[in-house]
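Chemist: got a sequence here, can you build the structure:
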Amino acid sequence: MDGINLNALSENASRLGMRIQETIAEHTRDLTLIRGGGSLFDMADDKAKNITKQLESSSDREKLDAMKRLIALISKNRPVSSYFPAVVKNVASTNLELRKLVYIYLLRCAPSEPDLALLSINTFQRDLADPSPLIRAMALRVLSGIRVPTVAAIVLMAVRKSAADPSPYVRKAAALAVMKVYRLDRAHYATLVDILMILLRDSSPLSLGTAVLALDNVAPSRLDLLHVHFRRLCRALPDIDAWGQVDVLRVLVRYARTMLPKPVLASESQGDEEDKDLKLLLVCAEPLFMSKNPAVVLAVARAFYYLAPPSLLSKITAPLLHLLSVSREVERVALAYLLVVARSHPTLFVNYHTRLLVRTDDAEPVKRTKISILLTLCTVDNHQALLREFVDYAQDIDDSVVGDAIDAIGRIARLVPPSTPQCLTALMGMINSKQDIIVSNAVLVLKSLVQNQLLTPSSASTTTLAPSLSSQLTSPALSLVPSNPISSTPPQMSSTTSITPAVQAPLSIIAQLARRIDDIRHPHARACVLWLVGQYGKVAGPGTTVEGVADWAPDVLRKAARTFKAEASLVKLQTLTLAAKLTLLAPVNRTLILLARYVLTLARYDEDWDVRDRGRVLGSLLVGVVAGVVSSNEEEGTGEHWVNEEQEGRPGGVVLRREQVMRVLFEGKTGTIEEEAIVDPRPLGTLSLVMEGNSPYLHDHDDEDTVDLPEWLEQGIDPSLRDSDDDAPQPVSSMSVVQAISSQGIPFQHAVASASVTPIVLTPTGGLTPKDTKDWRDLDKFYASESESEEEAEEVEDEDDGEESEASGEDSGEDDENSEDEEEGVANNPSHDQTQ
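Modeler: Model (predicted):
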């Protein structure tokens, strides 16, 4: 007997274990605990063939597994249109998860199978009347997502029906469907505008933001539709969802710039009050600075930047700086906003420049943007710290960051003139660097600084060399003999070296750049050095190897002529100009004439048209001034044949004197372009503000729908157009006010004055103030409490009626008695006196 019981127990235990395993396997199938989710993407072809059988199965679990496999195939860009008929059969499934997957499939494949997609439209139309708002919204979403032009009219009817749906979730789906219908067929524009007018009257914040977005996409120029809704939209801003707040703020900013009057400064207002509607918008938008969504904070900052008066712009400082610590992605966008605001209002961020310093792990675009922001915040007080930062940034591994940092050093010298000696010292120290990118950028900045130095009166004396500097530069090493060229090792300089008058002299800087011409390889930098040598190579008085020319200038021409063939076109053009200038300064020097002739001959056969044209023009200028400067005597119009042509009366051109050619080549070339204030044409809130102009992720059509902000109106439209029923004060009975306030001892005049003030209503518009704040959960108790309250009210009314009748009877009896009896009665009955 015991053995039979043990056998039965063991058999039951084994069956129970198998049942538990089957149950666990069945319940964990959807959670992909047994089979990984990757099995859907790595399934074999034979399993893909069973998808049709699974879709036609009677089990929802099999259908769900088949739909998951189809979605996986769609993600792998596999053709799945052959399963369309089998999928359409499951549109009316009662399983909500299965129906969602079917809708996703239909949205993906309906454009490729428009004929088969029409089979499911009847099902979607039936779902529009489903009791569940979720089903109705999903049906409308899929119906509007079928991009088949033939069903645009059917979709429009569904959208019009859903726009009046009692559920705000369905009305939100209707607003989204309006944009899809407009993209599908723009012939229904008028009908869609009528639907938008219905959606804009919605009081639910859930659908209100989407309705404004649809208006901005369908009819961006119809801002007049927002007149009566403007104030309600402003008050509803805190209740709208985060992304809806971004869209609503963008539309309201454009509305304010189009319809509201321009804010006037306090000094210019002369007693005029600030526009109430603009103030309402700013007051309602200010709390959104505390939003957790960075997009909302940026949208509010944009609204204040374009709408707020200067006295309120300081409110955007702290929120924008806070976004720098949210994430790297948000930081990049926030810096783009900071740069635009700092260029127009630098005083807002001057005290926070330490929070904008470049970090080592910053991305390249972030570093460049921070350098631009720091440059806009440069003042007399912080230029020393910023200069040290820029010198350190010049050692960065990114070439673009190095170029921006070195350019910023030159900008500091122009913004703060007393810092020019320190900037020159830092740049001259960079000339000795072994990195070509640092040297070339330093040369480009030094060129502009040297020009500015030579134009100022304080540096006019530096155009002639001091005796010590002339003795330093006049040496046998600077002769034109090739066997003893210029030493390529310049004197070493340190950034901590004290600034001496010799270092400050612009000509000494040009001399050092001339010595380093072999080490400067960047075409633009080499062209700058050649231009400086030719423009400022003139020396007045004797004491140089070539009279009238600095000793370091001819050797620069020799080196440039030697590498002329391998140089870039920009360097060739400046080499030709240098040869013409030096030959014009020393027209009798045989060596310079030979160098000029050699360069002009090479230019004559160059591949670049600009180089050939420049050589031909310079040769024509010099042929009447310098004899033998043109190498070919066989060419017509040059050399000896030029003289013969003039004698024979043939047209040979105009001959200029040496003074005239000097004016052509030298005068008018020393001025620098005055830097204007940088105004970024890209408005806040656009993709081009963050992306680079040559970014592969930025296309021409990205901002084609973006409407630029218009200019302010001086007067604005009539404010009464924005009046609505919500703004009208609630009618209050004067008698009720008098009774309520007189019972508290308040005079009648104060009661009338307080009655004219619109009370603040904390309940929704049109709602009723609850009289009982108890949380009733039992319906029987609720009805019982109502019956008790009614009985108590009746008892109180009966007591009041009895007291009134007693009081009237006593008064009539007292009138018949004489005064003595009345006094005795009153004395003997004190309770009666209290009742009266």
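
Chemist: can you get me the start-to-end distance on stretch 416-424?
Modeler: This stretch, stretch 416-424, spans 13 Å end to end (Cα to Cα, to the nearest Å).

Chemist: er, stretch 316-327 I mean
Modeler: Stretch 316-327 has an end-to-end distance of 19 Å (Cα to Cα).

Chemist: so residue 143 touches residue 118, yeah?
Modeler: No - taking contact to mean Cβ atoms under 8 Å, the distance of 11.2 Å between residue 143 and residue 118 leaves them out of contact. Where you see a C-beta, it was placed from the backbone N, CA and C, and this is true even at glycine.

Chemist: what residues does stretch 519-533 touch?
Modeler: When contacts are defined by Cβ atoms under 8 Å, 6 or more residues apart in numbering, stretch 519-533 is touched by residues 436-437, 439-441, 443-444, 447, 450, 488, 510, 513-514, 516-517, 552-553, 556-557, 560, 567-568, 570-571, 573-575, 577-578.

Chemist: which of those residues fall in helices?
Modeler: Counting by DSSP state H, those place 436-437, 439-441, 443-444, 447, 450, 510, 513-514, 553, 556-557, 560, 570-571, 573-575, 577-578 in helices.

Chemist: report the buried members of the residues you listed.
Modeler: Neighbour counting with 16 or more other Cβ atoms under 10 Å marks 437, 439-441, 443-444, 447, 450, 510, 513-514, 553, 556-557, 560, 570-571, 573-575, 577-578 as buried within the ones in helices among the contacts of stretch 519-533.

Chemist: burial count for residue 418?
Modeler: 9 (other Cβ atoms under 10 Å).

Chemist: and the pLDDT for the closest residue to it other than its chain neighbours?
Modeler: The shortest distance from residue 418 to any residue that is not its chain neighbour, by Cβ to Cβ, 6 or more residues apart in numbering, is 7.9 Å, and that residue is residue 380. Among the per-residue scores, residue 380 holds a pLDDT of 92.

Chemist: let the chain start at 259 from now.
Modeler: Okay, using 259 as the starting number, the last item reads as residue 638.

Chemist: residue 638: neighbour count?
Modeler: Here the number of neighbours of residue 638 (other Cβ under 10 Å) works out to 10.

Chemist: over to residue 465?
Modeler: Other residues near residue 465 come to 27 when the count uses other Cβ under 10 Å.

Chemist: what helix or strand is it on?
Modeler: Of the helices and strands defined by DSSP states H and E, residue 465 is found in helix 463-476.

Chemist: would you mark the buried spots in the next helix or strand after that helix?
Modeler: Of the helices and strands lying after helix 463-476 in sequence (DSSP H and E), the nearest is helix 488-494. Of the residues in helix 488-494, those buried under the neighbour-count criterion (16+ other Cβ under 10 Å) are 488, 489, 490, 491, 492, 494.

Chemist: and the fourth one, how far from residue 424?
Modeler: In this structure, residue 491 and residue 424 are separated by 22 Å, where distance is defined by Cβ to Cβ, to the nearest Å.

Chemist: returning to that earlier point: now tell me what touches the helix holding residue 465 from outside.
Modeler: Outside of helix 463-476, the residues within contact range by Cβ under 8 Å, 6+ apart are 426-427, 429-430, 432-434, 436-437, 440, 447, 450-451, 454, 457-458, 460, 480, 483-484, 491, 494, 497-499, 501-503, 505-506, 508-509, 963.

Chemist: circling back to that earlier point, give the residues shared as contacts by residue 401 and residue 376.
Modeler: Common neighbours of residue 401 and residue 376 are listed as residue 409 (criterion: Cβ under 8 Å, 6+ apart).

Chemist: neighbour-wise, which of the two wins?
Modeler: residue 401 (28 against 16).

Chemist: can I assume that one sits in a strand?
Modeler: No - applying DSSP: H, G, I helix; E, B strand; the rest coil, one finds residue 401 to be helix, outside a strand.

Chemist: quick one: pLDDT of the residue lying closest to it once chain neighbours are set aside?
Modeler: In space, residue 401 comes closest to residue 382 once its chain neighbours are excluded; the distance is 4.5 Å by Cβ to Cβ, 6+ apart. pLDDT recorded at residue 382 is 81.

Chemist: now do the same contact list for residue 382.
Modeler: 349, 397, 398, 400, 401, 416.

Chemist: do residue 430 as well
Modeler: Taking Cβ under 8 Å, 6+ apart as the criterion, residue 430 is in contact with 395, 464, 465, 468.

Chemist: pLDDT added to those, as CSV?
Modeler: Supplementary listing: those in CSV, determined by pLDDT from 0 to 100:
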residue, pLDDT
395, 90
464, 91
465, 91
468, 94
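
Chemist: hmm, who's touching the helix or strand harbouring residue 360?
Modeler: Taking DSSP H and E as the definition, one finds residue 360 inside helix 354-367. Residues outside helix 354-367 that contact it (Cβ under 8 Å, 6+ apart): 318, 321-322, 325-326, 328-329, 332, 338-339, 342, 345-346, 348-349, 351, 375, 378, 392-393, 396, 399-400, 403-404.

Chemist: one more time with 7 Å, if that's ok
Modeler: In this structure, residues lying in contact with helix 354-367 by Cβ atoms under 7 Å, 6 or more residues apart in numbering are 318, 321-322, 325-326, 328-329, 332, 338-339, 342, 345, 348-349, 351, 375, 378, 396, 400, 403-404.

Chemist: between the buried residues of helix 488-494, which sits nearest residue 408?
Modeler: Distance from residue 408 was checked for each of the buried residues of helix 488-494 by Cβ to Cβ. The minimum falls on residue 491, at 36.6 Å.

Chemist: so residue 941 makes contact with residue 967?
Modeler: Yes - look at residue 941 against residue 967 with Cβ atoms under 7 Å: they come within range, at 6.1 Å.

Chemist: ok, residue 630 to residue 598 distance?
Modeler: Using Cβ to Cβ, one obtains 10 Å as the distance from residue 630 to residue 598.

Chemist: now swap in residue 843 and tell me
Modeler: 49 Å.

Chemist: out of those two, which sits in the busier spot?
Modeler: A side-by-side neighbour count of residue 843 and residue 598, using other Cβ under 10 Å, places residue 843 first with 23 against 18.

Chemist: and that one, what are its phi and psi?
Modeler: phi -70, psi -30 (degrees, to the nearest 10).

Chemist: quick one: residues contacting it.
Modeler: For residue 843, the contact set (Cβ under 7 Å, 6+ apart) comprises 796, 806, 807.

Chemist: from those, which would you call buried?
Modeler: For the contacts of residue 843, a neighbour count by 16+ other Cβ under 10 Å gives the buried set as 796, 806, 807.

Chemist: isn't the first one right up against residue 806?
Modeler: Yes - taking Cβ under 7 Å as the contact criterion, residue 796 and residue 806 are neighbours in contact, 6.4 Å apart.

Chemist: just the ones in helices from the contacts of residue 843, please.
Modeler: Per DSSP H, helices hold no members of the contacts of residue 843.

Chemist: now the residues you listed in TSV, with pLDDT and distance to residue 313?
Modeler: Shown next, in TSV, are those (pLDDT from 0 to 100; distance: Cβ to Cβ, whole Å):
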residue	pLDDT	distance to residue 313
796	83	90
806	78	95
807	85	92
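
Chemist: which one among these gets closest to residue 926?
Modeler: Nearest to residue 926, judged by Cβ to Cβ, of those is residue 796 at 15.4 Å.

Chemist: pLDDT value on the residue nearest to the closest one when sequence neighbours are not counted, please?
Modeler: Counting by Cβ to Cβ, 6+ apart, residue 796 lies nearest to residue 843, which is 5.7 Å off, once chain neighbours are set aside. On the pLDDT scale, residue 843 is placed at 87.

Chemist: and residue 843, how far is that from residue 703?
Modeler: Using Cβ to Cβ, we find residue 843 at a distance of 27 Å from residue 703.

Chemist: pLDDT below threshold where in the stretch 759-908 of the chain?
Modeler: Applying pLDDT under 70 to the stretch 759-908 of the chain flags the ranges 759-762, 799, 801, 886-908.
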